[in-house]
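Peer 1: 3D, please:
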Amino acid sequence: MNPSTSNAPSHHVLANVTLFQDIKHLPEALNGFERIMKPVKFTKGHTLIQQGDAGHEFFVLLRGQVSVEKLTTEGDRYKVAVLNGDHHAAFGEGGLIEGEARSATVTCDSEVECLVLHREEFNQFAVEQPHFALPVVKRIALILMNRLNQTSNDLMLLHKALMSEIRSS
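Peer 2: This is a model prediction of the structure:
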């Protein structure tokens with residue numbers, strides 16, 4: 001179950017990842033990120049991210065399939081998404097920002113290959129190349145803000161449904 005390093009090509013992959021959208025036209029920036037991201041293989045059943053744990057890395061799925069699950073307040077798991085390497089899905093960007101608690105569990109459904117970016121390498125890159133890192137930090141903020149807005153909207157809908165149910169009883 002231990003991860004192993006790989007020699008997976010990452011040349012054009014990052015240009016198609018939302019996190020790097022604002023620098024995709026800058027080959028020097030993408031090359032810089034490719035240098036600090038490590039290709040790693042994981043076995044089927046390996047947990048890449050555990051809900052509630054502090055995050056320290058960001059993943060770009062190159063090959064294989066992972067399931068994203070959340071826990072209910074009762075402790076039951078429910079599947080939120082299945083991500084496939086064919087689309088180079090990316091997840092865990094919150095881990096690049098000061099150990100944010102993981103909001104879901106991500107488990108390998110098959111042998112998986114990812115590009116992994118650790119927070120320490122990202123922080124060092126940000127010090128050395130702030131003009132390339134700043135657009136990525138802004139994109140992380142946008143992603144997290146969109147998730148917060150979606151959660152707020154979901155809570156409002158839930159509140160409305162609950163109030164409607166109470167009124168009709």
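Peer 1: Compute the number of surrounding residues for residue 57.
Peer 2: By other CB atoms under 10 Å, 21 other residues sit near residue 57. C-betas here are computed from N, CA, C, even on glycine.
Peer 1: Bridged to the residue nearest to the spatial centre of the chain, which residues?
Peer 2: Taking CA atoms, centre = their mean, the centroid of the chain lies closest to residue 91, which sits 1.4 Å from it. Beta-bridge partners for residue 91, by DSSP bridges, are residue 59.
Peer 1: what does residue 41 give?
Peer 2: residue 4, residue 113.
Peer 1: just so I have it, where are all the helices in this structure?
Peer 2: 27-36, 119-128, 130-168 (DSSP state H).
Peer 1: Format these as CSV; extra columns: mean pLDDT and distance to residue 43.
Peer 2: Converted to CSV, these look like this (pLDDT from 0 to 100; distance: least, CB to CB, whole Å):
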stretch, mean pLDDT, distance to residue 43
helix 27-36, 95, 24
helix 119-128, 96, 24
helix 130-168, 85, 28
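Peer 1: what about those, which gets the closest to residue 56?
Peer 2: helix 119-128 (5.1 Å; CB to CB).
Peer 1: Check which helices and strands the closest one sits against.
Peer 2: helix 27-36, helix 130-168 (3 or more CB pairs under 8 Å, 6 or more residues apart in numbering; DSSP states H and E).
Peer 1: hmm, 7 Å instead?
Peer 2: helix 27-36 (3 or more CB pairs under 7 Å, 6 or more residues apart in numbering; DSSP states H and E).
Peer 1: got the contact list for the helix it packs on?
Peer 2: 10, 14, 15, 20, 23, 24, 117, 121, 125, 129, 132 (CB atoms under 7 Å, 6 or more residues apart in numbering).
Peer 1: Would you agree residue 41 is in contact with residue 113?
Peer 2: Yes: in this structure residue 41 lies within contact range of residue 113 using CB atoms under 7 Å: 5.0 Å.
Peer 1: wait, doesn't residue 56 sit right on residue 117?
Peer 2: No: Residue 56 is beyond contact range of residue 117, at 9.9 Å (criterion: CB under 7 Å).
Peer 1: filter the contacts of helix 27-36 to the buried ones?
Peer 2: 10, 14, 20, 23, 24, 117, 121, 125, 132 (16 or more other CB atoms under 10 Å).
Peer 1: now those in TSV, with distance to residue 107?
Peer 2: Output for the buried ones among the contacts of helix 27-36, formatted as TSV (distance: CB to CB, whole Å):
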residue	distance to residue 107
10	23
14	24
20	25
23	30
24	29
117	20
121	24
125	29
132	32
